[in-house]
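**Q** Make a model of this:
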Amino acid sequence: MGSTYVHTPFGIFDIGDIPKGFVSGERTGITLGKTVIIKSCLTKVIITKADGSEEEISPIVVESCMNPEIKTIMPVTVVSDYKNKSVRHTVTVSNPYKSLVVEIDKDIVGARTEKFIPSVKRADCAQCNNCGRC
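**A** Purely as a prediction, here's the structure:
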């Protein structure tokens, strides 16, 4: 299948096939309606807030400790709620460990997407809390 791209005000999301050797933790794709939901394992979102700071939300790569050959990508989820037929709306960008809710034109100055290259990074935890990142 290859790459499938969705163009949004945030940028371009790749919702196509994930790289060989990885599996998706959730079904990727787009759901259209009054609420638009995009799930991508291959795109990260960088939001520039009104105070100039940047917030990045990326997919999460998890390697199973019981089956190290299984590497799962948990996608970035972008949920756009269109209120009162307005072009400007509320957007929630999240991954399993982080969520950011922004009101377009109020809370952010800019947003962009970048390609996410999955790689396994070991969690650097002093004490295990069974979060699944290792």
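
**Q** just the strands in the protein please.
**A** Residue ranges of the strands in the chain, as given by DSSP state E, are 5-7, 12-14, 23-24, 29-31, 35-40, 43-49, 54-57, 60-63, 71-74, 76-81, 90-95, 98-103, 108-115.

**Q** give me the low-pLDDT residue ranges for this protein?
**A** For the chain, the stretches with pLDDT under 70 are 1-2, 83-89, 105, 107-108, 121-134.

**Q** Show me the residue at the heart of it, geometrically.
**A** In the chain, the C-alpha nearest the mean C-alpha coordinate belongs to residue 76, at 1.6 Å (CA atoms, centre = their mean).

**Q** That residue against residue 40, yeah?
**A** Yes. Residue 76 lies in contact with residue 40 (CB atoms under 8 Å); the separation is 5.5 Å. C-beta: built from backbone N, CA, C; applies to glycine.

**Q** how long is stretch 101-120 end to end?
**A** Distance between the two ends of stretch 101-120: 27 Å, counting by CA to CA, to the nearest Å.

**Q** just stretch 46-53 next, same as before
**A** From start residue to end residue, stretch 46-53 stretches across 10 Å - CA to CA.

**Q** Pull out the buried positions in it.
**A** Within stretch 46-53, the residues scored as buried using 16 or more other CB atoms under 10 Å are 46-47.

**Q** Name the residues that touch that stretch?
**A** 54-57, 93, 100, 102, 106-114 (CB atoms under 8 Å, 6 or more residues apart in numbering).

**Q** which residues are common contacts for residue 76 and residue 40?
**A** 59, 116.

**Q** Any idea how far stretch 76-84 is from the middle of the chain?
**A** Distance of stretch 76-84 from its chain centroid, counting by CA atoms, centre = their mean, to the nearest Å, is 13 Å.
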